[in-house]
Every structure is written in C-alpha cells, then in structure tokens.
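Enquirer: The following block contains a protein sequence and its predicted model.
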Amino acid sequence: MTQSTQTSQPTQTELSQEQIDGFGDMVQFTKTLGVVIESASQTEIIGRLPITRALTNHTPNVHGGAIMSLGDALGAIGAFLNMPEGAAGTTTIESKTNFIKPAMDGDTLIGVSTPLSRGRRLSVWQTEITRGDGERVAMVTQTQIYL
C-alpha cells in the first residue's frame, strides 16, 4: 500500500510592480533581451518582447532563440512563484518550442504562461506567444525542477 501525499500550493496573489521589476535584476539575460513582465501570479505570467533588428535573423524575422527565451523566462517565473517550502531555486530541465508563424522587426511578442502541472519536484508550464496583431507565433512547453 502506498501513501498519497498532497502538495499544498501557494495562495494566489498578484505581485506588485516592484516585485515584478525585481525579476529583471535576478535574470539579467532576459532584461538584456528587452523582456518586460506585465503581470505575474502563481497561475499566469504575462510578458512582452518588442522585436528590434538586433533580435532578428538575416531576414527581418525574429530569431527563434528570442522566442524561446521569452517562453523560458515566463515559465521560470511561474515555477519560481510556486516553489515548495525548502526549495533553493528552480531551473529548466526540458523545453520544446513549436514555431507557428513569423514575427518581424517592429512587432511585439506577447507571452502568456500558465501551469500544466505544479508538483513537489517538478512543474510544467505552457507559454502561448502571439504577435501584437493576435496571431500565434509559437507554443513553448517546459519542465522546471525545484532545487
């Protein structure tokens, strides 16, 4: 016979703008890319990434790495906000991106990340990334492990 344990999830709270701005200081890479966090809670993180020429390929299409980085940043924040008691941090152990439509220099990517699963050791996040016109650009699914 196995004993079942339940993981208690943090109470749903919306972060203040000051707390949201602190994520940029924690992860300088996403700040350097230009990722802006619009809102963050335990169940939804919304961010945007204005596309500049520096984030494009030889064509004016946004580089896939920029899209993946936006998804990774938002999912990581979600995992961080759901860390179980005693965890020292979180890190991505798997990530998959489906590229659907291009985004171009001058577009703004908007990402909405939500949990597919939040457990004691792992959480799985899915981030839908759209352009400013609402067209879907990519779907990112990632697994985060608690350290």
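Expert: Thanks, I have it. Numbering: from 1, shown residues only.
Enquirer: alpha carbons only for contacts and neighbour counts from here, please
Expert: Will do.
Enquirer: ok, now how distant is Gly47 from Ala40?
Expert: According to CA to CA, to the nearest Å, Gly47 and Ala40 sit 9 Å apart.
Enquirer: Just the strands from the protein, written as ranges.
Expert: Remark: strands assigned in the chain by DSSP state E are 36-40, 45-50, 90-99, 108-118, 122-130, 136-146.
Enquirer: biggest helix in the chain, by residue count?
Expert: If each helix of the chain is counted by residues according to DSSP state H, the longest one is helix 64-81.
Enquirer: mind showing which ranges of this structure have poor pLDDT?
Expert: Scanning the chain for pLDDT under 70 picks out 1-13.
Enquirer: before we move on, back to that, for Asp25, which of the strands of the chain is the nearest?
Expert: Judged by CA to CA, the one of these that comes nearest to Asp25 is strand 36-40, at 11.8 Å.
Enquirer: which of the strands of the chain sits most buried?
Expert: Ranked by mean neighbour count under mean count of other CA atoms under 10 Å, these are led by strand 122-130, which reaches a mean of 24.
Enquirer: Near the closest residue to Ser69 other than its chain neighbours, how many other residues are there?
Expert: Closest residue in space to Ser69, ignoring its immediate chain neighbours: Thr30 at 7.3 Å, by CA to CA, 6 or more residues apart in numbering. Using other CA atoms under 10 Å, Thr30 has 20 other residues around it.
Enquirer: Next, the contact list for Thr30, please.
Expert: Contact analysis of Thr30 by CA atoms under 8 Å, 6 or more residues apart in numbering lists 24, 69-70, 73.
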